[in-house]
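Participant: Fold the following.
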Amino acid sequence: MVDGVTIYMNTKHTKALIDKYAFMRPDPADRWVFGFMCGDGWFGIIDKACAEIARELEHTFAYFHVDQIKEKFGSLRVYYSGGTEKIAAIVDDLESTANRTCEICGRPGYNKDMFVLCDGHHQQLAAGKMFENVLEELWSNDAI
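Facilitator: Below you'll find the predicted structure:
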């Protein structure tokens, strides 16, 4: 959520993750059936973690399914079922990495006032221009 607005990952990135990783495919009864509730800046780190999880699942018969991914209080939260200790470590690392990655653009960032943003996006937020600028970035990325 940025400036009181819930941000969803754009359709292209959401589809890429769901198509690439079976454990990311939503069950219609799941809470996040409408998409990932986080910005596109975290797409790259989520994709990288999913690739690591997929490699781990190739070597084990463990059940694993992502139930929900969202931003909450400036942190990435991944809710999942099943997995292994190694998968739990991968998810922990993903959540930790998100705390240093701008949710909007993916550049190095930091958590201030419950947002993980880069310097440029923190300045926009402080200037009261974050909402309009985030919408412009989302539109340019075909998110809406």
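Participant: Show me the shaky parts of the chain.
Facilitator: Within the chain, the stretches with pLDDT under 70 are 1-6, 28-35, 129-144.
Participant: Show residues contacting the longest helix anywhere in it.
Facilitator: Ranked by residue count under DSSP state H, the longest helix found in the chain is helix 43-58. Taking contacts as Cβ atoms under 8 Å, 6 or more residues apart in numbering, the residues outside helix 43-58 that touch it are 9, 13, 16-17, 20-21, 23-24, 36, 64, 69, 83-84, 86-87, 90-91, 93-94, 97-98, 101, 106. C-beta: built from backbone N, CA, C; applies to glycine.
Participant: So which of the residues you listed are in helices?
Facilitator: If you go by DSSP H, those have 13, 16, 17, 20, 86, 87, 90, 91, 93, 94, 97, 98 in helices.
Participant: Now do the fourth one against residue 103, distance only.
Facilitator: Read it as residue 20. Using Cβ to Cβ, to the nearest Å, one obtains 21 Å as the distance from residue 20 to residue 103.
Participant: likewise the fifth one?
Facilitator: From residue 86 across to residue 103, the span is 26 Å (Cβ to Cβ).
Participant: ok so, going back, which among the contacts of helix 43-58 end up buried?
Facilitator: Taking 16 or more other Cβ atoms under 10 Å as the criterion, what is buried in these is 9, 13, 17, 21, 23-24, 36, 64, 69, 83-84, 86-87, 90-91, 94, 97-98, 101, 106.
Participant: roughly how far is the longest helix of the chain from the heart of the chain?
Facilitator: Per Cα atoms, centre = their mean, to the nearest Å, the displacement of helix 43-58 from the mean C-alpha position of its chain is 13 Å.
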